[in-house]
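Participant: pasting the sequence and the predicted coordinates here, then a few questions.
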Amino acid sequence: MVQIVSWRAGRIKETEGLASFAKEPKEGLYWLDLSEAAPGELDHLARVLDLHPVTREALSRSTNRPRLMDYGRYFSLTIHVPGGHLAEPHSHEIDIVVGTNWVITVHEKKIKGLLGIQELCRRRPEIMSRGSDFFLQEMLDTLLERFFPLLEWFDERIGRLEDEVTKGYTAEKLLNRVAELRRAISGLRRTMVNQREVIARLARSEVKLIRLENQPYYRDLYEQIMRAADSVDDARERLIMLREMHMNQVSNRMNAVMKVLTVWATIFLPLTFLAGVWGMNFRFMPELAQPWGYWSALGVMAAVAIVMIFFFKRKRWL
């Protein structure tokens with residue numbers, strides 16, 4: 001599916017399909033958004049815009065790493081934005097190619113952020129009147145903003161887990177939830193680190209088509225993604241600390257149980273010794289022949305147990 005949003009002579013026009021896009025525009029600004037693009041559509045764009053074969057190949061090949069390549073006449077970049085439900089986050093890849101009078105976005109599925117940019121063009125057509133580099137920063141700003149609700153969701157979930165651990169909940173499923181969040185955060189962090197470098201290169205005037213007058217906008221974008229990356233690192237550190245807290249609580253509980261068992265085993269040790277002595281089958285054991293022998297033995301054993309319990313309580317071992 002191909003959506004074309006164009007700005008010429010102060011007017012916004014929206015069309016579908018590539019039939020009307022037969023040559024590279026020399027004025028105005030054209031944004032071509034391709035969702036689930038067919039190979040023929042990409043070949044058509046490559047011919048009309050004279051794209052390098054590497055650029056054409058990148059448009060049809062997914063990658064896990066954001067990247068930026070400058071060809072002088074145009075430049076291409078790949079970014080990743082959050083998608084799916086917050087409870088099951090994943091990322092969408094968007095390939096972007098930017099020329100003087102045109103911008104191309106290629107992606108597999110519909111992306112809410114790009115739909116929001118279409119609506120923004122209808123409400124504020126002036127964002128397309130200031131050139132492709134200004135329009136690109138507006139697009140990136142809208143897309144990168146989608147990281148912040150995800151980071152807030154992570155912060156809320158980690159906060160709940162911290163409350164559970166603080167209250168002493170050490171269920172096995174809690175540790176599983178921590179592990180799931182750590183995997184999600186690690187994947188988000190890898191994306192952020194590479195994406196941060198892409199935005200940094202745009203902000204450092206390394207791309208010829210980015211005009212100096214628009215550099216402050218890209219520096220602001222870089223500050224935004226730096227804040228997001230710091231939030232990801234903070235969430236990662238909190239999860240590591242949360243796991244350590246959980247393991248410490250499990251270890252402390254285990255130590256407490258072992259302490260109680262050890263104390264009771266120590267109490268029963270002399271009782272077992274006395275029972276063993278009086279249980280020996282010798283004929284000449286005077287107390288065995290006494291009518292009070294049985295009750296005396298129980299009394300001695302009870303007294304030993306009471307004294308040891310009292311001693312352990314005074315030492316606060318029990």
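Facilitator: Here it is on my side, so go on. Numbering: from 1, shown residues only.

Participant: now the strands for the protein?
Facilitator: 2-8, 11-16, 29-35, 67-70, 75-83, 90-98, 102-107 (DSSP state E).

Participant: so I199 makes contact with Y222?
Facilitator: Yes - counting by C-beta atoms under 8 Å, I199 does reach Y222; the two are 4.9 Å apart. (Each C-beta comes from the backbone N, C-alpha and C, glycine too.)

Participant: if we can go back for a sec, including distance to V300, could the strands of the chain go into a markdown table?
Facilitator: A markdown table is the format used below for the strands of the chain (distance: least, C-beta to C-beta, whole Å):
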| stretch | distance to V300 |
| --- | --- |
| strand 2-8 | 94 |
| strand 11-16 | 98 |
| strand 29-35 | 88 |
| strand 67-70 | 83 |
| strand 75-83 | 73 |
| strand 90-98 | 72 |
| strand 102-107 | 85 |
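
Participant: between those strands, which one is nearest to G276?
Facilitator: strand 90-98 (66.7 Å; C-beta to C-beta).

Participant: so between I199 and Y222, which is more surrounded?
Facilitator: I199 (24 against 19; other C-beta atoms under 10 Å).

Participant: tell me the contacts of that one?
Facilitator: 140, 218, 221-222, 225 (C-beta atoms under 8 Å, 6 or more residues apart in numbering).

Participant: repeat that for 7 Å
Facilitator: Taking C-beta atoms under 7 Å, 6 or more residues apart in numbering, we find I199 in contact with 218, 221-222, 225.

Participant: could you do A37 as well?
Facilitator: V106.

Participant: please repeat the previous calculation with a cut-off of 8 Å.
Facilitator: 2, 59-60, 106.

Participant: center of the protein - which residue?
Facilitator: I185 (2.4 Å; C-alpha atoms, centre = their mean).

Participant: just to check, that residue is in contact with L239?
Facilitator: Yes - contact status for I185 versus L239: in contact at 6.4 Å, counting by C-beta under 8 Å.

Participant: ranking the contacts of I199 by neighbours, who comes first?
Facilitator: Counting by other C-beta under 10 Å, top hit in the contacts of I199: Y218 with 23 neighbours.

Participant: tally of neighbours for the nearest residue to that one once chain neighbours are set aside?
Facilitator: Once flanking residues are discounted, Y218 sits nearest to A203: 4.1 Å by C-beta to C-beta, 6 or more residues apart in numbering. Residues contacting A203 under the criterion other C-beta under 10 Å number 21.

Participant: thought A203 was touching R219?
Facilitator: Yes - the criterion here is C-beta under 8 Å, and A203 meets it with R219 at 4.7 Å.

Participant: got any ranges where the stretch 151-300 of the chain has weak pLDDT?
Facilitator: Where the stretch 151-300 of the chain drops to pLDDT under 70, the residues are 168-172, 282, 287-288.

Participant: please enumerate the helices of this protein.
Facilitator: Under the criterion DSSP state H, the chain contains helices at 39-49, 53-59, 112-123, 132-144, 147-166, 172-203, 215-278, 293-314.

Participant: show me what counts as buried in the third one.
Facilitator: Just to be clear, that refers to helix 112-123. When burial is assessed from 16 or more other C-beta atoms under 10 Å, helix 112-123 yields the following buried residues: 113-114, 117, 121.

Participant: check what pLDDT the residue nearest to L42 when sequence neighbours are not counted gets.
Facilitator: Distances taken as C-beta to C-beta, 6+ apart put L59 closest to L42, at 5.2 Å, once the chain neighbours are dropped. Listed pLDDT for L59 reads 85.
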